[in-house]
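Trainee: model this:
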Amino acid sequence: MKEKRIGCGAALLWILFIITLTIRLIAGSGSLMAAEMGKSAPPERTGLPAGEYAGVCGMTASFLTDGQASFQYMYTDGAGQEILCFQPHEAAHMEDVRGLIRLDAWVCAISGALALLLTAAGLFRQGPREGFLRGVLIGLRIFAAAAGVLLVWALADFDGFFVTFHRVAFRNEGWILDPRTDLLIRLMPERFFIALGIRGAAFALAGPVALEVLARFGLHMLKKRDLP
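Mentor: Below is the predicted model:
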């Protein structure tokens, strides 16, 4: 039973590491943001010239990953006027978002380190490795069940899912923006987050699939070794 618990814990920690790593990579990719923003929030809806999307997304990615101190973007319009894109309350919300990304980075580092320790303990300590590998499969089933519940919720009521996430993630209501006055919400509507979420999920799900394959391959090899 101890080996199974170690395997289960290792699997869940590896999944947490992969998910948080995916979030960190997406937050730091201005090119990915720009590609999805162009599809989800075309210039005729946002009022921002198409040529400025890459600059805004590059600034956003740099800010979220601590490469830039403040959240603001300025460009020059056709009349030669300098335009500041974001209002103070929009910048304040993005400061909150950066706090989440910083937390994500810490969780990523800690979960990765603990996953390595548990994996080493399960594979190299004295004891049956079969129990560890079966524990990994149990951890994967627990993740699949939890992910399935969240997926059904998101498909059935995405607005409720989206709002609940924001209420849990943020201690204030700075995330409630007005598309009539706030460029940030026009640039990042729900469709933008859905598109990034699908991309991120596709990348992150490769981790559990790899764990499943490796665990089953390990069990197969152990069984083969024990055959007379």
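
Trainee: do a quick rundown of the strands in the protein.
Mentor: 74-76, 82-84 (DSSP state E).

Trainee: compare the ones you listed and give me the one nearest F132.
Mentor: Closest approach to F132 among the strands of the chain is made by strand 74-76 (55.2 Å; Cβ to Cβ). Just so you know, the C-beta spots here come from the backbone N, C-alpha and C atoms, and that holds for glycine as well.

Trainee: mind listing the strands the closest one pairs with, and their directions?
Mentor: Here strand 74-76 is paired, per DSSP bridges, with strand 82-84 (antiparallel).

Trainee: please enumerate residues in contact with stretch 83-95?
Mentor: 48, 56, 60, 63-64, 70-77, 170, 174-175, 177, 181-184 (Cβ atoms under 8 Å, 6 or more residues apart in numbering).

Trainee: if you set the cut-off to 10 Å instead, what comes out?
Mentor: Contact with stretch 83-95 is made by 46-49, 52, 55-56, 59-60, 63-64, 70-77, 170, 172-178, 181-185, 187, as judged by Cβ atoms under 10 Å, 6 or more residues apart in numbering.

Trainee: also stretch 26-34?
Mentor: The contact list for stretch 26-34 (Cβ under 10 Å, 6+ apart) reads 25, 35-37, 50, 52-67, 97-98, 100-101, 104-105, 187-188, 192, 195-197, 199-200, 203.

Trainee: C-alpha coordinates for that stretch, PDB please?
Mentor: What follows is stretch 26-34, C-alpha atoms only, in PDB (Å, rounded to 0.1, in the frame of the first residue of the first chain):
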ATOM      1  CA  ILE A  26       1.500  30.400 -22.400                       C
ATOM      2  CA  ALA A  27       1.900  33.500 -20.200                       C
ATOM      3  CA  GLY A  28       5.400  34.100 -21.500                       C
ATOM      4  CA  SER A  29       4.500  33.600 -25.200                       C
ATOM      5  CA  GLY A  30       3.600  36.900 -26.800                       C
ATOM      6  CA  SER A  31       3.400  35.300 -30.300                       C
ATOM      7  CA  LEU A  32       0.900  32.700 -29.200                       C
ATOM      8  CA  MET A  33      -1.300  35.400 -27.500                       C
ATOM      9  CA  ALA A  34      -1.100  37.600 -30.700                       C
END
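
Trainee: give me the pLDDT value at the nearest residue to I18 once chain neighbours are set aside.
Mentor: Using Cβ to Cβ, 6 or more residues apart in numbering and skipping the chain neighbours, the partner closest in space to I18 is G207 (3.6 Å). pLDDT recorded at G207 is 92.

Trainee: now swap in the one 10 residues further on and tell me
Mentor: pLDDT, the model's per-residue confidence, is 92 for F217.

Trainee: in stretch 49-58, what's buried?
Mentor: The neighbour-count check on stretch 49-58 (16 or more other Cβ atoms under 10 Å) flags 52-58 as buried.

Trainee: which residues sit against stretch 137-144?
Mentor: Against stretch 137-144 from outside (Cβ under 10 Å, 6+ apart): 4-16, 19, 207-209, 211-212, 215-216, 219.

Trainee: ignore the last one, stretch 2-11
Mentor: Contacts of stretch 2-11 (Cβ under 10 Å, 6+ apart): 114-123, 125, 127-143, 207-208, 211-212, 215.

Trainee: on that earlier part again, return the members of the contacts of stretch 137-144 classed as buried.
Mentor: Here, 16+ other Cβ under 10 Å leaves 4-16, 19, 207-208, 211-212, 215, 219 buried among those.
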